[in-house]
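Q: Quick one, fold the following:
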Amino acid sequence: MKTLIIDNYDSFTNNIAQYVYRVTNVSPVVVTNDYPFHKINLSEFNNIILSPGPGTPEKDEDFGICKRMIKEANIPILGICLGHQGINHCFGGEVGKAPKPVHGYKELIVNSGDNIFKGLPNSFFAVRYHSLICTKLAPSLEATAYTQDGLIMAIAHKELPIYGVQFHPESIDSEFGVELIKNFIDISAKNSYGRPLHVRDFA
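A: Numbering: from 1, shown residues only. Predicted structure coming up:
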């Protein structure tokens, strides 16, 4: 099991890499979002994680090759924070300002119990660092977790193994972060061994 992490120039990327290693016992490959896309052999990887980062997915200089990864990589994808917002944006959803910016805010997250949340409690505490949020979901996506006041905290594609979380599972203060990453890795094992995935449609 080999993971490709796209680093959107965020310090949390190191934590993500450590969690992946703990789950798989294989060091992930980490490249920054301005790394040449054509130099990446996607056939070498079983899944992709799009890291947090500053800026907005609407700007190419902030999101880099992540957009092409979402569009062209036929392997499971997990987006975290900026990566999560970018998945929604790429499929035609809207990203806008959160009611208030949060930095290191620990909050109860209520989830569906499916996919990356399988086997986890239906509510647990997770840490948020963001000023933007998914304000309108793309038609092909569904929300799978919320804050108690209704802000979207996780999404999943309705047909493809593509997931996003607004919170930071890799933060030491988030509960069940390693377990969430393990669920994504387990999903990847079932979806990335020779079975072609559907072409991804963009709005």
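Q: The strand ranked longest in the chain: which residues count as buried?
A: Identified as the longest strand of the chain according to DSSP state E is strand 94-111. Applying a neighbour-count criterion of 16 or more other Cβ atoms under 10 Å, one finds 95, 98, 102, 109-111 buried in strand 94-111. In this view, the C-beta of every residue, glycine as well, is placed from N, C-alpha and C.
Q: Please list all residues in contact with the spatially most central residue of the chain.
A: The centre of the chain sits closest to residue 79, judged by Cα atoms, centre = their mean, with a distance of 1.4 Å. Contacts for residue 79 (Cβ atoms under 8 Å, 6 or more residues apart in numbering) come out as 49-50, 66, 70, 85-87, 162-165.
Q: for the residues you listed, which one is nearest residue 116?
A: Proximity of those to residue 116 (Cβ to Cβ) peaks at residue 163, which lies at 5.1 Å.
Q: Quickly note the distance from that closest one to residue 60.
A: Going from residue 163 to residue 60 by Cβ to Cβ, to the nearest Å gives 23 Å.
Q: Same drill for those two, tell me which one is more crowded.
A: Neighbour count, other Cβ atoms under 10 Å: between residue 163 and residue 60, residue 163 has more, with 27 against 12.
Q: Tell me if the more buried one really is in a helix.
A: No - counting by DSSP: H, G, I helix; E, B strand; the rest coil, residue 163 falls outside a helix, being strand.
Q: Next one: it, what pLDDT does it get?
A: pLDDT for residue 163: 98.
Q: Residue 76 - nearest residue in space that isn't next to it in sequence?
A: residue 161 (3.9 Å; Cβ to Cβ, 6 or more residues apart in numbering).
Q: rewinding a little: the residue nearest to the centre of the chain and residue 59: what is the separation?
A: As judged by Cβ to Cβ, residue 79 and residue 59 stand 16 Å apart.
Q: for this structure, which helix is longest?
A: helix 177-191 (DSSP state H).
Q: and the angle for it with strand 94-111?
A: Interaxial angle of helix 177-191 relative to strand 94-111 (axes from the mean of the first three to the mean of the last three Cα atoms, to 10 degrees): 110 degrees.
Q: May I have helix 177-191 as PDB, with CA atoms only?
A: Included here for helix 177-191 are C-alpha records, laid out as PDB according to Å, rounded to 0.1, in the frame of the first residue of the first chain:
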ATOM      1  CA  GLY A 177      -7.400  10.500  13.700                       C
ATOM      2  CA  VAL A 178      -5.400   7.400  13.100                       C
ATOM      3  CA  GLU A 179      -8.500   5.300  12.900                       C
ATOM      4  CA  LEU A 180     -10.000   7.600  10.200                       C
ATOM      5  CA  ILE A 181      -6.800   7.400   8.200                       C
ATOM      6  CA  LYS A 182      -6.900   3.600   8.600                       C
ATOM      7  CA  ASN A 183     -10.400   3.500   7.300                       C
ATOM      8  CA  PHE A 184      -9.300   5.400   4.200                       C
ATOM      9  CA  ILE A 185      -6.400   3.100   3.700                       C
ATOM     10  CA  ASP A 186      -8.800   0.100   4.000                       C
ATOM     11  CA  ILE A 187     -11.100   1.600   1.400                       C
ATOM     12  CA  SER A 188      -8.100   2.100  -0.900                       C
ATOM     13  CA  ALA A 189      -7.200  -1.600  -0.600                       C
ATOM     14  CA  LYS A 190     -10.600  -2.500  -2.000                       C
ATOM     15  CA  ASN A 191     -10.600   0.100  -4.800                       C
END
